[in-house]
Structure formats: structure tokens, C-alpha cells
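Asker: I would like the atomic coordinates for the input below:
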Amino acid sequence: MSKHTKGVQDPAGTDTTPAAVEAQARGANPVLIIATLCFGGLVASLMQTLVVPLQPELPGLLDTSRTNASWVITATLLAAAVAMPIAGRLADMFGKKRVLLVSAALLVLGSVICAVGSSLVPMVVGRAVQGLAMGFIPVAISLMREVTPPRLTSIAVATMSATMGVGGAIGLPMAAAIYESGNWHVLFWVSAALAAITLVLTFFVVPSVHDAVGGRLDWGGAIGLATGLVLLLTAITKGNDWGWSSVTTLGMLAAGLIVFAAWGRYELGHRDPLIDLRTGARPAVLFCNIAGVAIGFGMMAQSIVVPLLLESPKSTGYGLGQTILQAGLWMAPGGVMMLVFAPVSATLINRIGPKYTLMLGATVLGFGYLFAAFMMGSAWQLMIASMICAAGVGIGYAAMPTLILGNVPMSEAGAAVGFNSLMRSVGTTSASAVMALVLTSSTIDVDGISFPADSTFTWCFLIGAIAAFVGVAIAMLVPGAQPDRLPVDGVPEPGDIQPADTPLTDTQLTDTRPTAAGT
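Answerer: Alright, predicted model coming up:
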């Protein structure tokens, strides 16, 4: 077998890829490996919405101001954005399982810090440490093709990608139920227990694949990326509090852009960069990452607007008067939809290719928002809209890492998927700021309390639809119109084109490379 061949079975039907052989030699069960990695991804992503039910009560619980309390959420977003590309690069250098174990350990540590703390500083520190654990997800995605047989790779990547949305959808009702039961510290003890289970399962179930390529960490690149991200994302997330025209906001935005310009120049001249920008400039990778911003924006927009509509009092004329727990339960089916569409997405990737699968997912997301814009008069209508949006996100999120993995060398898989996850995070963070700006642009007064006007919700849904359709347009620019067809039995037919996207040279490939269909 050529080192470029993956997905071929011998006449007896046994997988002969290096990853499959190694996994079988260790007695590893690929389904159990996939389940373990997906569980870990779900637990890590659950941290993103863990404190949403507590948000209105945080100033009182932590004895601080509303502005200071908002750092409990902002710290997690910033730490996650910094961690994902750096964790991916460390995984390429030192081995993916090691980084997965460190990420799970950080999740345990951060949860315990939050559980024992009752003031602002330990809570912000603990939430930041929890955010660092988000590196688990891109590393697990990049590991999938090394520890799964070809017939399961696409569905494994699709399911793992879906956990980014599923964890958030499940986290809201779970956190609300725990919070309403009494002691809010229990919320973090539960997250610590889940993280500990992830740590143990990862240690015993995930095989130790020899995938480390060595090298030194580009500390200059890591510091530059972290500085630029913190400046830009802090300005975006705090812009509504500080004022978009304030010196602080504009200064941080300008400083962030300057830092990124210098960082890009530094990375291009570095022998072993944190992020290979030349690889990232390949059309398939570049446009996939840009589309990730648009689709990430679309995913987060409905996660913000729909709960607010559900929880607003009926006296506003549009609110549905649901409790936090009820709103979370109405949103939960959306998370289920992402899991349901994981195998559908994998089939689409194999049949029509990841490019068209990405376009289809963004299109479904856009139509979900259009449905919501004109059908938001009842809870069940909003639930259906959320389910449509979630189906689109599930399809699109699965296609993006498949496109990335099919167009980068094995030695850069972790960093490349991590950077794509970062771009999606930039989209979700931007959505939070834009939705907050729109919702506060026009308000009504009800019993002395200010609420967003009815029209602002319609505009939010329309903006979400526009973002999704922009993602479709960007995905159209990804090269490679021919799908990488994979027969049902998993054996490529003679004459099949693998892959359709721009191929890598022999010197760029250091190990088995999947096609754009994830095989």
C-alpha cells in the first residue's frame, strides 16, 4: 500500500491502514474510542453555556458590579480562543493523546476552582482555565482519522464536530435545573465530575498513536496570537458596555489589528511557525476558515435571541413568559438535531463532497432564520426554527474539519483544525456583540423595565440569515467541484478521484492522508 492510500481494505475485509492496524493491535474498539472523544468534546463545550442561567444573579452571588461579573463569561471565550490553535500545534508536536489528557485535567482544575470560590477573582480564574480545555475539541477531531477505520472516519468527525453545539444546547437546561435546585456551587462540582470521567476514559480508552512530529513551540507566534486575540475579542465582547466609539474600544481594536499584522509577518518568516499561513492560504483552507466565521455567527445568533424571546414577559406583547428551565428545554431539541444529522452529514460528505455539504448546511441554517423571522409567536414555532438552524449547523460544522483535514499535511492537522475552530469562535463572539447591539438599538418600557422592541428580534433573525447565506457564497469559492465518492462498502472504485481539492506534494505529506471525504 502506498503511504498516500487510506481507506482500502484487503480481500478479507480487514482494514490495513496504519491507524486501523495500530488500534487493532492494541485491542481498541473504534466505536468506544469515538464515544469517548465525543463525550469529552460535549463536556468541554458544555462549559460555554454553564453559567448562562446564573448571569442575572452573578453580581449578587459574587458581590460585584454587573460589568465585572460579565468577565465570568468573557474569560472563558478569550481563553478558549487562545487555547484552540495552540493546543492543536502542541498536539502535532508532542502527540494528540497527551494534549487531550492535559485539556481534560485543566477542565477538572477549572471546575474545582469555581466550585470552591465565592468571589469574582477565583470565578474568573476558574472560568478561564475551563476555557483552556476547549483545545480538547479540535485535537480530538484531528485524531479521529488516526484511530478510526476508514468506514467510520466521516461519521466520527461529523459527530465530534456536532458536540460543539450539542454541549451548549444541553448545558442550558441542565445548568438551569441544577441552579434552581439550590446551591449554585453544585453546578461546578457536577462539571468537575464530568471532566474527571473524561480524563479517566481518555487515559484508558484512547490509544497512544505515535503521531508526534517533534519540534519547538513557536513562543513568539503563540504570544503574538494570544495578544492579538485578547485585544480584538475583548473589544468586541465589551464594546456594548464601554461604547463602540469609546477610546478604550477603538484603541483595543486598532492595537489588535496592528499586533495581527506584525504576527503574520513574523509567522511567514519563521522556520517552524505556530500557524503555517502558507498552508492556510490554500483556497480550500482559506475559504473554509472564512466560511467558519459566518456559520459560527449564525449558530450563536439564535442561541442568544431565541431564549430571550422565550423568557421575556408576556406584558411586552411578544414575550412568551417561559422560565429559564422551560426555555432551556425548548432549546434542547436543537442539540439533539445536531447529533441526528451527524450520520446524514457523513453520508453527504461521502456522496457529494464536503464543499457542497458545507453549502447545504449554511443554506439550511439561513432558511431556519427566515422561518424564525416570520414565525416567532409561540414556543413551538421557535423550537422548530431552532431545530432547523441546528440541523444546518450540524451539517456545516461536520464539513469544515473534513475540508481542512483533506488539504493539510498530517503533521499540521491539529494546528489547522484548531485554527478553524478559532475562526468559528470569532464568529460566535462577533454574533454576541452584534445581537446585543441590535437588541439595544430600540427598546420599550414595561413597568419601568427596558426591553428590546419587537422589531429588533426580526432584525436579529434576518441578520443571522444573511450571515448564513454569506457562508454559502464563501463556500462556493472553495475549489474542487468533483465529489470524492465512496461506495457504501467503504472500498474506493477504480478510477475514483481522490481528492478533488488541491493535492499536496509528496514532500508535504508525512503520513497517511485522508481524502476530502474523510477517507
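Asker: now for residue 62: which residues touch it?
Answerer: 68-69, 72, 118-120, 123 (CB atoms under 8 Å, 6 or more residues apart in numbering). C-beta here means a position set from N, CA and C on the backbone, and glycine is covered the same way.
Asker: of these, which belong to helices?
Answerer: Among those, DSSP state H puts 68-69, 72, 120, 123 in helices.
Asker: turn the residues you listed into CSV, including neighbour count, pLDDT and distance to residue 112.
Answerer: Formatted as CSV, the ones in helices among the contacts of residue 62 follow (neighbours: other CB atoms under 10 Å; pLDDT from 0 to 100; distance: CB to CB, whole Å):
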residue, neighbour count, pLDDT, distance to residue 112
68, 15, 83, 22
69, 23, 83, 21
72, 23, 87, 16
120, 19, 90, 17
123, 24, 93, 12
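Asker: got CSV for the residues you listed, with distance to residue 232 too?
Answerer: Below are the ones in helices among the contacts of residue 62 laid out as CSV (distance: CB to CB, whole Å):
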residue, distance to residue 232
68, 21
69, 22
72, 20
120, 24
123, 24
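Asker: could you pull out the helices for the stretch 251-400 of the chain?
Answerer: Applying DSSP state H, counting those that start in this stretch to the stretch 251-400 of the chain gives helices spanning 277-280, 283-311, 324-352, 354-374, 379-405.
Asker: give me whichever of those is most buried.
Answerer: Comparing the helices of the stretch 251-400 of the chain by mean neighbour count (mean count of other CB atoms under 10 Å), helix 379-405 comes out on top with a mean of 26.
Asker: from the contact counts, what lies against the helix or strand that that one is followed by?
Answerer: Next helix or strand after helix 379-405 toward the C-terminus (DSSP states H and E): helix 413-439. Contact analysis of helix 413-439 by 3 or more CB pairs under 8 Å, 6 or more residues apart in numbering; DSSP states H and E lists helix 71-94, helix 136-147, helix 219-242, helix 277-280, helix 283-311, helix 379-405, helix 454-476 as its packing neighbours.
Asker: who are the contact partners of the closest residue to residue 469 other than its chain neighbours?
Answerer: Of all residues not flanking residue 469 in the chain, residue 366 sits nearest, at 4.6 Å (CB to CB, 6 or more residues apart in numbering). Shown in contact with residue 366 (CB under 8 Å, 6+ apart): 298, 392, 464-466, 468-469, 472.
Asker: one more pass at 10 Å, please.
Answerer: When the contact criterion is CB atoms under 10 Å, 6 or more residues apart in numbering, the partners of residue 366 are 295, 298, 388-389, 392, 464-472.
Asker: quick one: least confident of these?
Answerer: Ranked by pLDDT, those bottom out at residue 298 (78).
Asker: distance check, the nearest residue to that one once chain neighbours are set aside against residue 386.
Answerer: Nearest non-adjacent residue to residue 298, counting by CB to CB, 6+ apart: residue 468, 4.3 Å away. To residue 386, residue 468 is 14 Å away according to CB to CB, to the nearest Å.
Asker: overlap of the contact sets of the two?
Answerer: Shared contacts of residue 468 and residue 386 (CB under 10 Å, 6+ apart): residue 368.
Asker: specify the local secondary structure of residue 444.
Answerer: strand (DSSP: H, G, I helix; E, B strand; the rest coil).
Asker: identify the bridge partners of it.
Answerer: residue 451 (DSSP bridges).
Asker: any idea how far it is from residue 455?
Answerer: 10 Å.
Asker: common neighbours of those two, please.
Answerer: With CB under 10 Å, 6+ apart as the test, residue 444 and residue 455 both reach residue 318.
Asker: for residue 220, which non-adjacent residue is spatially closest?
Answerer: Once flanking residues are discounted, residue 220 sits nearest to residue 266: 6.0 Å by CB to CB, 6+ apart.
Asker: now do residue 113
Answerer: Nearest in space to residue 113, with sequence neighbours left out and distances taken as CB to CB, 6+ apart, is residue 126 at 3.3 Å.
Asker: mind telling me what element that neighbour is part of?
Answerer: helix 120-132.
Asker: what pLDDT does the model give the residue nearest to residue 243 when sequence neighbours are not counted?
Answerer: Leaving aside its sequence neighbours, residue 243 sits nearest to residue 249 (CB to CB, 6+ apart; 6.4 Å). Per-residue pLDDT puts residue 249 at 91.
Asker: what helix or strand does residue 249 sit in?
Answerer: helix 247-269.
Asker: would you mind listing the buried residues in that helix?
Answerer: Going by neighbour count (16 or more other CB atoms under 10 Å), the buried part of helix 247-269 is 249, 252-253, 256, 259-260, 263-264, 266-267.
Asker: centre of the chain to it, how far?
Answerer: For helix 247-269, the separation from the chain centroid amounts to 24 Å (computed by CA atoms, centre = their mean, to the nearest Å).
Asker: and if you look at stretch 263-270?
Answerer: 26 Å.
Asker: need the residues that contact that stretch.
Answerer: Defining contact as CB under 10 Å, 6+ apart, one finds that stretch 263-270 is touched by 218, 220-229, 273-278, 280-281.
Asker: switch the cut-off to 6 Å
Answerer: Contact partners of stretch 263-270, identified using CB atoms under 6 Å, 6 or more residues apart in numbering, comprise 218, 221, 224, 228, 273, 277.
Asker: quick check: end-to-end length of stretch 439-459?
Answerer: End-to-end distance for stretch 439-459, by CA to CA, to the nearest Å: 9 Å.
Asker: next, the buried residues of it.
Answerer: Within stretch 439-459, the residues that qualify as buried are 439, 451-454, 456-459, counting by 16+ other CB under 10 Å.
Asker: with distance to residue 354 and pLDDT added, can I get the residues you listed in a markdown table?
Answerer: Listed next are those as a markdown table, based on distance: CB to CB, whole Å; pLDDT from 0 to 100:
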| residue | distance to residue 354 | pLDDT |
| --- | --- | --- |
| 439 | 35 | 85 |
| 451 | 42 | 85 |
| 452 | 38 | 87 |
| 453 | 41 | 88 |
| 454 | 39 | 88 |
| 456 | 36 | 90 |
| 457 | 33 | 91 |
| 458 | 33 | 91 |
| 459 | 32 | 92 |
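Asker: I'd like those as JSON lines, with distance to residue 403 appended.
Answerer: Below are the buried residues of stretch 439-459 laid out as JSON lines (distance: CB to CB, whole Å):
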{"residue": "439", "distance to residue 403": "33"}
{"residue": "451", "distance to residue 403": "42"}
{"residue": "452", "distance to residue 403": "37"}
{"residue": "453", "distance to residue 403": "40"}
{"residue": "454", "distance to residue 403": "39"}
{"residue": "456", "distance to residue 403": "35"}
{"residue": "457", "distance to residue 403": "33"}
{"residue": "458", "distance to residue 403": "33"}
{"residue": "459", "distance to residue 403": "31"}
